[in-house]
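Novice: The sequence and its predicted three-dimensional model are supplied below.
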Amino acid sequence: DTGVSQNPRHKITKRGQNVTFRCDPISEHNRLYWYRQTLGQGPEFLTYFQNEAQLEKSRLLSDRFSAERPKGSFSTLEIQRTEQGDSAMYLCASSSDGSNQPQHFGDGTRLSIL
Amino acid sequence: DAKTTQPPSMDCAEGRAANLPCNHSTISGNEYVYWYRQIHSQGPQYIIHGLKNNETNEMASLIITEDRKSSTLILPHATLRDTAVYYCIVRGDLSGTYKYIFGTGTRLKVLA
């Protein structure tokens, strides 16, 4: 079990640029989640995939954000025209299909907007 | 809003048991209690979860009250490496959502 892998671990970019993050879930986990965490706060839910289908999105996921999971394996989260307020840790988690199975988190991608 | 309430911080002496409380008075019958911890610059680490019976694994024990309105996570012999923010979350598959709603957690400091 290699765990949830996220790349890159850190991303520094200028305001207005586009960024893309990648998440590789635990193999055979059909459910995948994205969260965002700012300093001193708990993670906030962004979106959820069951295989390749995006089934739930938070209102935090503005039209500048898009997430995909094209083949039901890895997922990408893209932020277009980044703003200062996008600076945060972006966390990915995965879980198996079983009833009430716990989510397992990666170590996140820390985004800093200059 | 989070469905759980936790004290913002706690201290524990190294080698002693750490007992972290969580109130979840509005928990539904199908909702489980999950505990995670987060060490600085890492993602939340799953610890344990349960529905109504007490649970134990290699990391911790989870004690859920009979009315299920509160629970306690027990780290039996705390070490310095247990210093972290601990989150208590309630969620159930029948709630119509798979998302976790995190509160601000309890910052546990284990003292040498």
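Specialist: Looks like it came in fine.
Novice: how many other residues sit next to the closest residue to chain A within chain B?
Specialist: Nearest residue of chain B to chain A (C-beta to the nearest C-beta) works out as B:Phe102 at 2.9 Å. In short, each C-beta sits where N, CA and C put it, glycine included. B:Phe102 has 22 neighbours, counted by other C-beta atoms under 10 Å in any protein chain shown.
Novice: I'd assumed A:Asp107 was in contact with B:Gly43.
Specialist: Yes: taking contacts as C-beta atoms under 8 Å, B:Gly43 lies within contact range of A:Asp107: 4.7 Å.
Novice: quick revisit: quick one: contacts for the residue nearest to the residue of chain B closest to chain A when sequence neighbours are not counted?
Specialist: Computed as C-beta to C-beta, 6 or more residues apart in numbering or on different chains, the closest residue to B:Phe102 that is not its neighbour in sequence is A:Gly42, at 2.9 Å. Applying C-beta atoms under 8 Å, 6 or more residues apart in numbering or on different chains, we find A:Gly42 in contact with B:Ala2, B:Tyr87, B:Phe102, B:Gly103, B:Thr104, B:Gly105.
Novice: Need the pLDDT of A:Leu60.
Specialist: If you check A:Leu60, the pLDDT there is 86.
Novice: surely it meets A:Glu44?
Specialist: Yes: between A:Leu60 and A:Glu44 a contact is recorded at 6.1 Å, counting by C-beta under 8 Å.
Novice: Specify the beta-bridge partners of the most centrally placed residue in chain A.
Specialist: Nearest to the geometric centre of chain A sits A:Trp34, at 3.3 Å (C-alpha atoms, centre = their mean). A:Trp34 forms beta bridges with A:Thr47, A:Cys92, as assigned by DSSP bridges.
Novice: ok so, going back, the more surrounded of A:Leu60 and A:Glu44?
Specialist: It is A:Glu44, of A:Leu60 and A:Glu44, that has more neighbours when counted by other C-beta under 10 Å, with 18 against 12.
Novice: I'd say the more buried one and A:Tyr35 touch.
Specialist: Yes: using C-beta under 8 Å, A:Glu44 is in contact with A:Tyr35, at 6.0 Å.
Novice: about what we covered before: what's near enough to touch the residue of chain B closest to chain A?
Specialist: By C-beta under 8 Å, 6+ apart, the residues touching B:Phe102 are A:Gly42, A:Pro43, A:Glu44, B:Ala2, B:Tyr87, B:Ile89.
Novice: change it to 7 Å
Specialist: B:Phe102 makes contacts with A:Gly42, A:Pro43, B:Ala2, B:Tyr87, B:Ile89, as judged by C-beta atoms under 7 Å, 6 or more residues apart in numbering or on different chains.
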